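Asks: Here's a sequence, model it:
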Amino acid sequence: MSLFAAIATTPAGGRSLIPICAALPATLWLPTAMSAAADIPADVARQFYSGSLKALLAEIWPTHQGMILALATGAVVRLIAPLLQDKSTDPAVVVVDEAGKWVISLCGGHQGGGDRLTHQISQILSAMPITTGAANAQQLPGIDVLGQPFGWQQGTGNWTAVASAIAQGQAVQVIQEAGSSLWQAQLPEVHSLQLGWTEAPAKPPRPAPQARVWISPVQRRFAVDTAMPKVQWHPRVLWVGLGCERGTSKALMAQAIATALQSRHLAMGAIAGVASLDLKADEPGLVQLCEERGWPLRCFSAAQLRDISVPQPSAVVEQAVGTPSVAEAAAVLAAQHMEQSSVEADTEPVESAADYLRVTKQVVRDPAQPGAVTVAISQAQVEFLNRTGHLSLVSTGPGSLDQITPAAKAALSRADAVIGYSLYVELVRPLLRPAQIVEKWPITQEQQRAERAIALADWGLNVAVISSGDCGIYAMAGLVLETLQAQGWNGQTPTVTHYPGISALQAAAARVGAPLMHDFCAISLSDLLTPWPIIERRLQAAAEADFVIALYNPKSQTRTEQIAIAQRLIAQQRQPETPVAIVQSAYRPTETIILTTLAEMLHHPIDMLTTLIIGNRTTQLYAGKLITPRGYHL
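Replies: Alright, predicted model coming up:
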C-alpha cells in the first residue's frame, strides 16, 4: 500500500500541497491540463490524471494510507461518500484549504491515522488543525488506536460502544495484564479511565464502570448481549518455541500452535514470533508459516538452548540434536532476549526459566499430515513492536514556536515519544499530540537522555530528541551519535534524521543587528566536558585572530569566575569600548537585550540562558544596532 496521495484541481491548491508532499513525502496528483503550467520542485513526486476526479479516487482508494485534498470540504464529502466502507480499513482523508490556513481531519481520524496526519500537516503549513473526535477534546488517546505505537493487535469487542462511553465521560475500566504502561503516564490529570481493578472501598468512591478495556495476551469471549461493552488489545508478548521433524507440513505447525494457544485461552494476535533450534532455520514449512503470519523466526544454537533449565527435558532430544529441549528452551530464551534491553523502568527479572512458560511442551501429530511438532509458549514482559525504530534529532530554535522549521514541527508531531530537557519540552508543548510519550529530564542528565532515546528507538518507537537552538551545536545530536557509535550502531537500525534549527548565536545576532558579517567563532565557557585550560587557549587564540566571539554557557550559579577570566583575556586584544551584546532568552517572553561594551559587560546580569556576542576590532554600535563591516566599501 502506498502512503499518501495529495490531490488538487487548481494551481493554488497544488501550490498549497507542495510543501506537504516534500515533507511527508506524498505524491502530488494534478489534472493533465495543469501539467505544462505546474511549477513543481524536482524532489516532489507527481502524477497527472485525465478524466474525472471521482474516477481517480475510486482507483487509488484501496491502495493508499491517506488522501490529502485541496478542495472544498463539501465537494470532498460528496466524492468519497460512495467509497467509505469501514473505519478500520478506509484511508485517512484530510482536507486543506487552498490558502493553507486550515487542515481538517475529515474521516479515518483514529484507525486511519487522520488526526495524526492532520497535526503533522498543520505543522508543515503552520496552519490550524481541526480534529473533532471526543477523545481529542479530553486529551485522551482514541481507544481504537491506543496500542498502535506499541504494536498491539486489536482484538474483538464492541469498539463503538466503548469509544462512545469514553466520549461521554463515563467511567471506563482498563485492565492491563501485559504490555507497556508508558501510555498511562501521559494521561491528563483528570480523566474517566479507571486503571486496574476497582478497589473497595475507594476514597473518594469511584463510579461504577460503564465499559471495560482488556490489555492482555488472553483471548476473552464477550457475550453479545452483555450490558457492559468490552474490547481487548493483545500486546505481542508470546513467543512460540517450536521443534519439528524434518519435512513437517506448514499446516501441522499452524494446527499445533492454534491448539497450544487454545489450551490456555491465549490470543493468536499476542504472538510476537517463533523460536527454534538453528538446525531448523531452513525448515520449509516453518519458514513459510513465519513469512505468511509476519512472525520473526529466532533460532538458537544447541549450546544456547542447553543452558536453559526447563520443566520437561528429553534425553532422546538431547541425543539427537545436542540439547535436552528445543521448544521450551527456545521459547524461554526468546522471551529473555526480548527483555535484555528492556525499556520499561519497572520491569523485574523473572526468577526462573519455567516462570516464563504459559504453555509447557506439547507434542502434536496428525495422521493426515506429515511430521510431528513440539510446541511451547512463553510470555515476555516486553512486547515486540516488529518495526525499525527512528531517532529524530529535532532543533527547536531559540524558543518561540514560530522560529521552528516546518520540518522540525512535523517530526515532533509524528513522533511516538518526545524526550528533552524539561524547559525545552514545555516550550514546544503546544505542538504535541494527546497520548504522545513525553519524558522531561533534568539539565544535567544529557547522557541518560541519549541512552533512553536510543533504547526506545531500538525497541521500535519513533523518538524525537529535542534541543534548543540547533541540535548539532552544543546540543544533543553529537551525544546521541557518539552513544550510538559506542554501542556499535550499524548506521541503519535505528534510522536517524537531523532537523536543523536557528542556533542561539544566530538568534542573538538577529536581535541586535548584524554582528556576524565577518569571520566569527563560538566558544562554550562550560568546563564540565572541556578542561578549562583548553577553553582559555581557545579564547586567547580567537581574541588574537580578531574573530567576533559568541560565548555560550557563560555563567551558572556555581560557575562564576570563567566569564570574568574570558573578559580579561579578550580585553588584552580589544579596546575597552568594543561593542558587546548580552542576549538572554532570545525570542522568548522573558527576552532581555543589553548592548554594552567589553569594559562594562560584567556589570550586567549574565546566566546560562544568555548568549554574548563580543565584536571584533571593526564592530560598531550604530542606531542601536551592532554592525561588523564585511569590507564591501573598503
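
Asks: Can you give me the neighbour number for residue 411?
Replies: 25 (other CB atoms under 10 Å). For the C-beta atoms, the positions are set from N, CA and C on the backbone; glycine is no exception.

Asks: Sorry, wrong one. I was asking about residue 371.
Replies: Counted by other CB under 10 Å, the residues lying close to residue 371 total 17.

Asks: Test my guess that it contacts residue 244.
Replies: Yes. In this structure residue 371 lies within contact range of residue 244 using CB atoms under 8 Å: 5.9 Å.

Asks: list residues touching both of these two?
Replies: Here residue 371 and residue 244 share the contacting residues residue 285, scored by CB atoms under 8 Å, 6 or more residues apart in numbering.

Asks: Can you name the residues that contact residue 146?
Replies: Going by CB under 8 Å, 6+ apart, residue 146 touches 152, 183, 213, 233, 435.

Asks: Tabulate these (a markdown table), appending secondary structure and neighbour count.
Replies: Below are the contacts of residue 146 laid out as a markdown table (DSSP: H, G, I helix; E, B strand; the rest coil; neighbours: other CB atoms under 10 Å):
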| residue | secondary structure | neighbour count |
| --- | --- | --- |
| 152 | coil | 24 |
| 183 | helix | 19 |
| 213 | strand | 27 |
| 233 | strand | 26 |
| 435 | coil | 22 |
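
Asks: Secondary structure class of the closest residue to residue 263 other than its chain neighbours, three-state.
Replies: Take residue 263 and drop its neighbours on the chain: the residue closest to it by CB to CB, 6 or more residues apart in numbering is residue 359, 6.2 Å away. Three-state call for residue 359 (DSSP: H, G, I helix; E, B strand; the rest coil): strand.

Asks: again, but for the one 4 residues further on
Replies: The three-state assignment at residue 363 reads strand, by three-state DSSP.

Asks: Can I get stretch 392-401 in CSV, CA atoms only?
Replies: The C-alpha coordinates for stretch 392-401 follow below in CSV (Å, rounded to 0.1, in the frame of the first residue of the first chain):
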residue,chain,number,x,y,z
SER,A,392,14.6,12.4,15.0
LEU,A,393,17.2,14.9,16.3
VAL,A,394,14.9,17.9,16.4
SER,A,395,16.1,21.5,16.7
THR,A,396,13.6,23.9,18.4
GLY,A,397,15.4,27.1,17.7
PRO,A,398,15.6,29.9,20.3
GLY,A,399,12.3,29.1,21.9
SER,A,400,9.5,30.8,20.0
LEU,A,401,7.2,28.4,18.2
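
Asks: who touches that stretch?
Replies: 403-405, 408, 411-412, 415, 424, 427-428, 430-431, 462-472, 475-477, 480, 496-502, 504, 507, 585-588.

Asks: on that earlier part again, next one: the residue nearest to residue 263, what pLDDT does it get?
Replies: For residue 359, the pLDDT comes out at 96.

Asks: so it touches residue 262, yeah?
Replies: No. Residue 359 is beyond contact range of residue 262, at 9.9 Å (criterion: CB under 8 Å).

Asks: Compare neighbour counts for these two and give me the winner.
Replies: Neighbour count, other CB under 10 Å: between residue 359 and residue 262, residue 359 has more, with 24 against 12.

Asks: residues in contact with the more buried one?
Replies: 260, 261, 263, 264, 266, 375, 376, 377.

Asks: List only those of these flagged as buried.
Replies: 260, 261, 266, 375, 376, 377 (16 or more other CB atoms under 10 Å).

Asks: Could I get the full set of helices for the stretch 1-150 of the chain?
Replies: Assigned by DSSP state H, counting those that start in this stretch, the helices in the stretch 1-150 of the chain fall at 11-23, 53-60, 73-80, 114-125, 134-137.

Asks: helices or strands up against the very next helix or strand once past the last one?
Replies: The first helix or strand that comes after helix 134-137 along the chain, using DSSP states H and E, is strand 153-157. If you count contacts as 3 or more CB pairs under 8 Å, 6 or more residues apart in numbering; DSSP states H and E, strand 153-157 packs onto strand 230-234.

Asks: Among the buried ones among the contacts of residue 359, which ones are in helices?
Replies: Among those, the members found in helices (DSSP state H) are 260, 261.

Asks: so which of the buried ones among the contacts of residue 359 comes closest to residue 297?
Replies: Within the buried ones among the contacts of residue 359, proximity to residue 297 (CB to CB) peaks at residue 375, which comes in at 14.4 Å.

Asks: just the helices in the stretch 201-350 of the chain please.
Replies: Under DSSP H, counting those that start in this stretch, the stretch 201-350 of the chain gives helices at 250-263, 284-293, 302-306, 315-321, 327-339.

Asks: what angle sits between the longest one and helix 327-339?
Replies: I take that to be helix 250-263. Computed by axes from the mean of the first three to the mean of the last three CA atoms, to 10 degrees, the angle separating helix 250-263 from helix 327-339 equals 80 degrees.

Asks: Run the angle between helix 250-263 and helix 284-293 for me.
Replies: 60 degrees.

Asks: Spit out the contact partners of the closest residue to residue 521 other than its chain neighbours.
Replies: Spatially, and ignoring its direct neighbours in sequence, residue 521 is nearest to residue 547 (4.6 Å; CB to CB, 6+ apart). Residue 547 makes contacts with 519, 520, 521, 616, as judged by CB under 8 Å, 6+ apart.

Asks: could you measure residue 547 against residue 32, distance?
Replies: Computed as CB to CB, to the nearest Å, the residue 547 to residue 32 distance reads 57 Å.

Asks: coming back round to it: is it possible to export the contacts of residue 359 to JSON lines including pLDDT?
Replies: Below are those laid out as JSON lines (pLDDT from 0 to 100):
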{"residue": "260", "pLDDT": "97"}
{"residue": "261", "pLDDT": "97"}
{"residue": "263", "pLDDT": "95"}
{"residue": "264", "pLDDT": "96"}
{"residue": "266", "pLDDT": "97"}
{"residue": "375", "pLDDT": "97"}
{"residue": "376", "pLDDT": "97"}
{"residue": "377", "pLDDT": "97"}
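
Asks: ok but residue 450 is inside a helix, no?
Replies: Yes. Using three-state DSSP, the secondary structure at residue 450 is a helix.

Asks: quick one: it from residue 408, how far?
Replies: 19 Å.

Asks: With neighbour numbers in mind, choose between the two.
Replies: Neighbour tally, residue 450 and residue 408, criterion other CB under 10 Å: the higher count belongs to residue 408, 25 against 22.

Asks: my guess is the more buried one contacts residue 502, does it?
Replies: No. Counting by CB under 8 Å, residue 502 is not a contact partner of residue 408; they are 10.2 Å apart.
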